[in-house]
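Enquirer: No letters, just coordinates:
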């Protein structure tokens, strides 16, 4: 198996990811599936981001459009009005900020405001997004999603989910590299729950070696996803947070080094134990 990468190049910084990096989820939306409406006030959102940093997050991922199944796109101006005060407020306090958006104008404004990572759930299908990150030194997260949020939950299907996701992500890497994006800046995300039934997400988690073998940082975002509640029978937020921590530990053992989570503390402890075990192999 290819050794997991030890660094991720983001805006001129070589971020050490050897022991795993927690990326705190900050949804500045009224309709996200687990925390919609909680952080619409910019000061409340900034405070929550800082609290996640205190608990062990190294990056805060700010998003202004929900991507839960069945949602509709948000107007560009509305998304900007939601995210920019939070991005700028966190950056002013020394936080590494990732912008979770597929809109070039939003991503550009966030980068100009000090964000250092662009996380695009559409896998940089928009050439304008590729052009934007090519002219920046930002970190890049490219994700696999079948369909789009309004319809991705309607009968998603695969002949070979692991092979198809791997092939898509390799194609996305190639598009970015061909455009001039340094491979050291690229991270990949299999898109757990994005146009995938529970069995598809579980198959991807069981075969993470297929993605980590390519030598790029892999990000996994299982946090509070519905399939976890189906597995455990506990649909509460607390129950899903505990299950998320389990996936964090298991994914780390398979070479994943980036973890997008809502509950930083639980995953921090799970990650610390997993990293200690792996270090002694």
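Expert: Structure's in. What do you need? Note that the structure is predicted; figures quoted are calculated from it, not measured.

Enquirer: Enumerate the positions of stretch 164-179 that are buried.
Expert: Within stretch 164-179, the residues that count as buried by 16 or more other C-beta atoms under 10 Å are 165-166, 168-169, 172-173, 175-176. Just so you know, the C-beta spots here come from the backbone N, C-alpha and C atoms, and that holds for glycine as well.

Enquirer: Contacts for it, please.
Expert: For stretch 164-179, the external contacting residues (C-beta atoms under 8 Å, 6 or more residues apart in numbering) are 123-124, 130-131, 133-134, 140, 142, 144, 158, 183, 186, 188, 190-191, 204, 210-211, 214, 216.

Enquirer: Was I right to think residue 138 contacts residue 111?
Expert: Yes: at 5.9 Å, residue 138 counts as touching residue 111 under the criterion of C-beta atoms under 8 Å.

Enquirer: Mutual contacts of the two, please.
Expert: residue 118.

Enquirer: Check which helix or strand residue 260 maps to.
Expert: Applying DSSP states H and E as the criterion places residue 260 in strand 258-261.

Enquirer: those helices in the stretch 151-281 of the chain, which residues are they?
Expert: In chain order, the stretch 151-281 of the chain shows helices spanning 161-178, 198-206, 209-212, 226-232, 237-253, 264-279, with DSSP state H, counting those that start in this stretch as the criterion.

Enquirer: Select, out of those, the one closest to residue 102.
Expert: Nearest of the helices of the stretch 151-281 of the chain to residue 102, taken as C-beta to C-beta: helix 161-178 at 12.8 Å.

Enquirer: any weak-confidence spans in the stretch 101-250 of the chain?
Expert: Along the stretch 101-250 of the chain, the model assigns pLDDT under 70 to residues 149-154.

Enquirer: Chain neighbours aside, what residue packs nearest to residue 278?
Expert: In this structure, residue 278 finds its nearest non-sequential neighbour in residue 253, 6.0 Å apart by C-beta to C-beta, 6 or more residues apart in numbering.

Enquirer: Just give me the neighbour total for that neighbour.
Expert: 14 (other C-beta atoms under 10 Å).

Enquirer: ok, residue 38 - contacts?
Expert: 27, 44, 48.

Enquirer: Okay, and the last one sits in which element?
Expert: In this structure, residue 48 is located in helix 42-55 according to DSSP H and E.

Enquirer: Could you check the angle that helix makes with helix 264-279?
Expert: Angle, helix 42-55 to helix 264-279, by axes from the mean of the first three to the mean of the last three C-alpha atoms, to 10 degrees: 30 degrees.

Enquirer: Report the rounded mean pLDDT for the helix or strand following helix 42-55.
Expert: Of the helices and strands lying after helix 42-55 in sequence (DSSP H and E), the nearest is strand 59-63. What strand 59-63 shows for mean pLDDT is 97.

Enquirer: What residues sit buried inside strand 59-63?
Expert: The neighbour-count check on strand 59-63 (16+ other C-beta under 10 Å) flags 59-63 as buried.
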